[in-house]
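Visitor: Model the following, please.
(4 chains)
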2 protein chains.
Amino acid sequence: MVIMEKKNATKAGRLLRPMRQKSIVDRIIARLTDAIMNGQLKPGQRIPTETELSESMGVGRNSVREAIKALVTMGLLVIRRAEGTFVADGFSDRMLDPMVYGMVLEGGSTPAVMELRHVFEVGVMELSIEKATKQDLARLKKSLAFMEKTIREKPTTEAVMMADIAFHGELQRIAANPLMEKISFVVERVARPTRERAVAVFIRRGELDYMLELHKNIYEVIVRRDKARIVDAINDHFLYWKDVFQQS
Amino acid sequence: MVIMEKKNATKAGRLLRPMRQKSIVDRIIARLTDAIMNGQLKPGQRIPTETELSESMGVGRNSVREAIKALVTMGLLVIRRAEGTFVADGFSDRMLDPMVYGMVLEGGSTPAVMELRHVFEVGVMELSIEKATKQDLARLKKSLAFMEKTIREKPTTEAVMMADIAFHGELQRIAANPLMEKISFVVERVARPTRERAVAVFIRRGELDYMLELHKNIYEVIVRRDKARIVDAINDHFLYWKDVFQQS
DNA sequence: GATAATTTGTTCGTATGTATC
DNA sequence: CGATACATACGAACAAATTAT
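Guide: As a prediction, the model looks like this:
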């Protein structure tokens, strides 16, 4: 339990590398995560106080704080001030923030991100086909009608984007997979600027009707529960966008 | 309305700030992430030292340190000792760690996770169909042969799992999407215990031949570039596993 | 309702290890 | 080798918030 290997590295030992012993903070993080993954600390449970941890592990309280802070940022721990620190009891949105940052650092709408979007759309359609009730289909048709109305009466970039988002949001609701919904949300968020540019091009060219048709196509595939055509439907959807890309 | 006066009553000389609600550290994190997302701090660039930041923002150095540490654990910043702290220049694996923890906290192989696996397999197949070269197909066939050999000669859980992982790893390589590969890796990791149980059941029942056939099916779909059959192929793959689940 | 105890939040000071020049 | 710059780590003190008495 006592940590005092550092004495060896003072003057005597240059024969073997001290080999990058992990920092104290990293070791504390490792201990806590291990305890959580092993089930010693269960979701919702309270962990020892900072002072207790620093004493029982023989480290400074500030180091414990840094470790805890890191885990809070990852969403693994939740701090309730003056009450204690607790193990999170499930998925939280902030667990996907790092992924957002990563995608942005990679440059936003890269081919990899676009492909991921594609894959998710196919997946959402398949799940929708499996799970959609009659009420779901009715609502989906409604959002399709809303899109048509928007295109006829108010074809601005914002309005069309809103209708598009509403339609795909409806699909997500039908697919009913919280995990996929959250990841999709991240991806959509990163790809949004690109999509807005694409919609603007649609409007400029007066091709909103074709966009509507592509969405109707998606709707039809779901109504008919025609899984074999899923990939094609989404492919059409995307191929057209790629086309817009290269010409804009 | 009247209640909010109590802050001023504590000590005589505190007329200044209404004491904003967010914690200091969170505000520092917000500032840094904003700067990075806006492009004021670019990937690979060095950020000011802890001391400079603490002075320019009027906060303690330890708070800056905690904020930076948090961003490091998210993979957004990279610390090079005695050199400075830098903005990360792309995706790093640790950005997906929080997702792992979240899934584990949710309970591991939940239906949502299984569905996500399913969706990714379909996606990987589609990308593979688009990108596979002749060499790729040859390698894929090879890993299929390896699986067959394993099943004939050494049908242990570990060996079969290894062959299965090798096959799907080959698919991932062909699909050539680093983002999807990383996320898939996370999902597979969480779902692994469940898969191992399933393989054990296959072996016990002597149904490894059927498992091999399912994989051959996947291979055939890719060779023929038959996108319409992707969903079906993966569906067979999964339906059987679900079946195993409910009976074990 | 007021007070005390507990626990996290924030800051400062200091010493030390480590990489760069 | 020394000087410098920086991160690492500990300790101490006080502030703020919540709960319990």
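
Visitor: what residue is smack in the middle of chain A?
Guide: A:Ile183 (2.8 Å; CA atoms, centre = their mean).

Visitor: what helix or strand does A:Val186 sit in?
Guide: Taking DSSP states H and E as the criterion, the element that holds A:Val186 is helix A:178-205.

Visitor: Tell me where chain A has helices.
Guide: Applying DSSP state H to chain A gives helices spanning A:24-38, A:50-57, A:61-73, A:97-106, A:111-131, A:134-153, A:157-175, A:178-205, A:208-223, A:230-247.

Visitor: and those helices as JSON lines, adding distance to DNA strand C and mean pLDDT?
Guide: Where you see a C-beta, it was placed from the backbone N, CA and C, and this is true even at glycine. Written out in JSON lines, the entries for these read as follows (distance: least, CB to the nearest atom of the strand, whole Å; pLDDT from 0 to 100):
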{"stretch": "helix A:24-38", "distance to DNA strand C": "11", "mean pLDDT": "90"}
{"stretch": "helix A:50-57", "distance to DNA strand C": "4", "mean pLDDT": "92"}
{"stretch": "helix A:61-73", "distance to DNA strand C": "6", "mean pLDDT": "90"}
{"stretch": "helix A:97-106", "distance to DNA strand C": "18", "mean pLDDT": "88"}
{"stretch": "helix A:111-131", "distance to DNA strand C": "31", "mean pLDDT": "91"}
{"stretch": "helix A:134-153", "distance to DNA strand C": "42", "mean pLDDT": "94"}
{"stretch": "helix A:157-175", "distance to DNA strand C": "34", "mean pLDDT": "94"}
{"stretch": "helix A:178-205", "distance to DNA strand C": "25", "mean pLDDT": "88"}
{"stretch": "helix A:208-223", "distance to DNA strand C": "46", "mean pLDDT": "90"}
{"stretch": "helix A:230-247", "distance to DNA strand C": "41", "mean pLDDT": "69"}
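
Visitor: Minimum distance to chain B: which of the ones you listed has it?
Guide: Among the helices of chain A, helix A:111-131 comes nearest to chain B, with 3.0 Å by CB to the nearest CB.

Visitor: Return the set of buried residues in that closest one.
Guide: Counting neighbours by 16 or more other CB atoms under 10 Å in any protein chain shown, one finds that the buried residues in helix A:111-131 are A:112-129.

Visitor: cool, stretch A:142-160 as well?
Guide: Neighbour-count burial for stretch A:142-160 flags A:143-144, A:147-148, A:150-151, A:157, A:159-160 (criterion: 16+ other CB under 10 Å).

Visitor: Ok, stretch A:62-70 next?
Guide: If you call a residue buried by 16+ other CB under 10 Å, then stretch A:62-70 has these buried ones: A:63-70.

Visitor: Contacts made by that stretch with the rest, please.
Guide: With CB atoms under 8 Å, 6 or more residues apart in numbering or on different chains as the test, stretch A:62-70 has contacts from A:24-26, A:28-29, A:32, A:50, A:53-54, A:57, A:77, A:79, A:85, B:25, B:62, B:65-66, B:69-70, B:72-73.

Visitor: gap between that stretch and the chain center?
Guide: In this view, stretch A:62-70 has its centroid 25 Å away from the chain centroid, taken as CA atoms, centre = their mean, to the nearest Å.

Visitor: cool, stretch A:31-48 as well?
Guide: 24 Å.

Visitor: same thing with stretch A:126-136?
Guide: Stretch A:126-136 has its C-alpha centroid displaced from the chain centroid by 23 Å (CA atoms, centre = their mean).

Visitor: can you tell me if it touches chain B.
Guide: Yes - contact of stretch A:126-136 with chain B (CB under 8 Å from any CB of the partner chain) involves A:126-127.

Visitor: Could you find the closest non-adjacent residue to A:Arg61?
Guide: Ranked by CB to CB, 6 or more residues apart in numbering or on different chains and with sequence neighbours excluded, the top spatial neighbour of A:Arg61 is A:Ser54, at 4.2 Å.

Visitor: correct me, but that neighbour touches A:Ile28?
Guide: No - the pair formed by A:Ser54 and A:Ile28 falls short of the contact definition of CB atoms under 8 Å, at 9.1 Å.

Visitor: can you count the residues close to the closest residue to DNA strand D within chain A?
Guide: Per CB to the nearest atom of the strand, A:Ala82 is where chain A lies closest to DNA strand D, at 2.8 Å. For A:Ala82, the count of nearby residues is 5 (other CB atoms under 10 Å in any protein chain shown).

Visitor: Next up, the contacts around it.
Guide: Contact partners of A:Ala82, counting by CB under 8 Å, 6+ apart, are absent.

Visitor: okay, it: pLDDT?
Guide: The predicted local confidence for A:Ala82 comes out at a pLDDT of 89.

Visitor: So it versus chain B, what's the distance?
Guide: Plainly put, A:Ala82 is 13 Å away from chain B if you go by CB to the nearest CB, to the nearest Å.

Visitor: I'd like the distance between that residue and A:Lys69.
Guide: Using CB to CB, to the nearest Å, one obtains 17 Å as the distance from A:Ala82 to A:Lys69.

Visitor: what's the answer for A:Ser109, then?
Guide: For A:Ser109, the distance to A:Lys69 equals 32 Å [CB to CB].

Visitor: Also A:Ile165?
Guide: From A:Ile165 over to A:Lys69 (counting by CB to CB), the distance is 35 Å.

Visitor: nearest spatial neighbour of A:Leu171, skipping sequence neighbours?
Guide: A:Leu171 sits nearest to A:Val124 (CB to CB, 6+ apart), 5.1 Å away.
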